[in-house]
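Novice: Any chance you can model this:
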Amino acid sequence: MQLFMQQLPTLIGVLVGALATFTATSVAERSRWRRTQSVRWDDKRLAAYAEYAHAVKKVISISVRLAAHHGIHQDLDVLAPEEGLAALALAEEERTMKWETILLLGTDHTVVAARAWHDSVFKLQRIASGVDVESSWADAVGAVSRARRGFYEAAKADIGIKVGDAPESYEWQLSKLVAPAKPGGGSEDRGTRS
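Specialist: Next up is the predicted model:
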C-alpha cells in the first residue's frame, strides 16, 4: 500500500497530462473543423450570390432590349415582344430557381437586399413589357441601380470582402445614362446601356 501511495502523485500527473492533451487536441480539432466549414459555406455563398446576380442581370438585359423595342429606351439591340416575352419568362424562371439557393445559404441581410433588387427589377420588367405605363423608366432604372448596390454590399459583407468607400462603384452604369423623368411622363435617354 505504501508503494501505491508513493506512485499516486505520478499516476495523478499522468492522468492530468492525458486529460490536458485530450482536451487541447479536441479543442484544436473542433476549431479546425469550424474553420473548414466556414470556408466551405463561404465558397457556396459566393457561388450562389454570383449565380443569382447573373440571373438577375439576364432579366434586366432582356427588359432593356424590350424597352428599346417600345421606344422607352434608346438602344440598338432591340428585342421584339414575340421573342422577348418568352425569353423574359425563361430568364425569370432561372432567376427564381437561383433565388431558392439565396434563401438557403444567404444571411438575413443579404436575402432582404436580394429581394429588394428583384422587386425593383419586376418594375423594370413591367415597364419594358408595356404593362406599367404609369411609372417612369428613369425612376425604375435608378431604383434597380440602388437595389443592385445594396445587394452587392450585403453579399460582400456576408462573405468577408471589404465593401469599400465608393458606393457608386456598384451602381448600374445605365442609371447614369438615363435622364430624370420629364414632368409630362417619360424619360429621355442620353446613351445606350453598358
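Novice: helices or strands up against the host helix or strand of residue 157?
Specialist: In this structure, residue 157 sits in helix 137-158 according to DSSP states H and E. Counting contacts by 3 or more C-beta pairs under 8 Å, 6 or more residues apart in numbering; DSSP states H and E, helix 137-158 packs against helix 2-69, helix 108-128, helix 174-177. Bear in mind the C-beta positions are built from the backbone N, C-alpha and C, glycine included.
Novice: could you give the angle of it to helix 108-128?
Specialist: Here the directions of helix 137-158 and helix 108-128 differ by 160 degrees (axes from the mean of the first three to the mean of the last three C-alpha atoms, to 10 degrees).
Novice: model confidence over helix 137-158, on average?
Specialist: Mean per-residue pLDDT for helix 137-158: 93.
Novice: Taking helix 2-69 as reference, get the angle to it.
Specialist: Going by the same axes, to 10 degrees, helix 137-158 makes 170 degrees with helix 2-69.
Novice: Could you list the buried residues of helix 137-158?
Specialist: Neighbour-count burial for helix 137-158 flags 137-156, 158 (criterion: 16 or more other C-beta atoms under 10 Å).
Novice: Please give me every residue in contact with the spatially most central residue of the chain.
Specialist: The centre of the chain sits closest to residue 49, judged by C-alpha atoms, centre = their mean, with a distance of 4.1 Å. Counting by C-beta atoms under 8 Å, 6 or more residues apart in numbering, residue 49 touches 102, 106, 110, 155, 158, 159.
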